[in-house]
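1. Just a sequence and a predicted model for now, questions to come.
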Amino acid sequence: MSTVVEKFQTVPTTCISDTMQGLNNLDPAIKPLKEEYHIAGRAFTVKMPVGDNLSVLQAIRDAQPGDILVIDAKGDTYRAIAGDFVVGLAQTMGIKGIVVDGVIRDIVGIKKLDFPVFCKGTTVAASGKAGWGEVNVPISCGGVSIQPGDIIVADADGVVVVPQSKEEQILEQALDKLEKDQVRESSVAGNREAVIQYLDKFLGRK
Ligand SMILES: O=C([O-])CC(=O)C(=O)O
């Protein structure tokens, strides 16, 4: 019996977005380092001050295997929230991925680790480690409010958040939408007559 998280892993973000009317999609500037990444997991949240990533280290220490670190970096694109060393620590601890409204560095090394990172890009400067920041608290990341434990689904198209309180209902609707999308596609694929019929129905033509 697969868990709710495992079931969400099979659903494209586009389908979840349609189910929630696009309400919980993160800023589309947050993109995967590799298009093949498709992850789902519970959010372990981080609220970091601009340019100081000690709280990211705390999160790596405290998160559960399978969690996704979701980091509110205030959209800063000058200071990296992590490089290949810190990302390697997260990978070894069993964290499933990192989502951040900020940037990383050592992009070549991180791609070699093959660890799913969703971010706004890359930079050269590291963050300091003086302290401050909070973990496992409600955050705002990429324009969306996220509670610890919410389900994060991320793939080539972007990142969506499923509130924990509605996860069963949204899963059911998203799976239903996925099935309908597949039926719709197979009913017209490669069939010119079927495409004309489909379009004419939309355009109000006979
Ligand atoms: O230590 C850092 O914050 C960033 C870094 O260079 C790494 O993770 O490799």
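-> That came through, no problem.

2. what's near enough to touch residue 162?
-> Residue 162 makes contact with 8, 16, 20, 24, 150, 151, 152, 153, 170, 171 under the criterion CB atoms under 8 Å, 6 or more residues apart in numbering. Using the backbone N, CA and C atoms, a C-beta is placed for each residue, glycine as well.

3. Distance to the ligand, pLDDT and secondary structure added to those residues, as TSV?
-> Listed next are the contacts of residue 162 as TSV, based on distance: CB to the nearest ligand atom, whole Å; pLDDT from 0 to 100; DSSP: H, G, I helix; E, B strand; the rest coil:
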residue	distance to the ligand	pLDDT	secondary structure
8	29	97	helix
16	31	98	helix
20	34	97	coil
24	29	97	coil
150	26	98	coil
151	27	98	strand
152	22	98	strand
153	26	98	strand
170	34	98	helix
171	35	98	helix
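
4. Between these, identify the one with the most neighbours.
-> Among the contacts of residue 162, residue 152 has the most neighbours (other CB atoms under 10 Å), with 29 neighbours.

5. Test my guess that it contacts residue 71.
-> No. Counting by CB atoms under 8 Å, residue 71 is not a contact partner of residue 152; they are 11.5 Å apart.

6. Find residues that contact each of those two.
-> By CB under 8 Å, 6+ apart, the residues touching both residue 152 and residue 71 are residue 99.

7. Count the neighbours of the nearest residue to residue 79 once chain neighbours are set aside for me.
-> Of all residues not flanking residue 79 in the chain, residue 51 sits nearest, at 4.1 Å (CB to CB, 6 or more residues apart in numbering). Neighbours of residue 51 under the rule other CB under 10 Å: 18.
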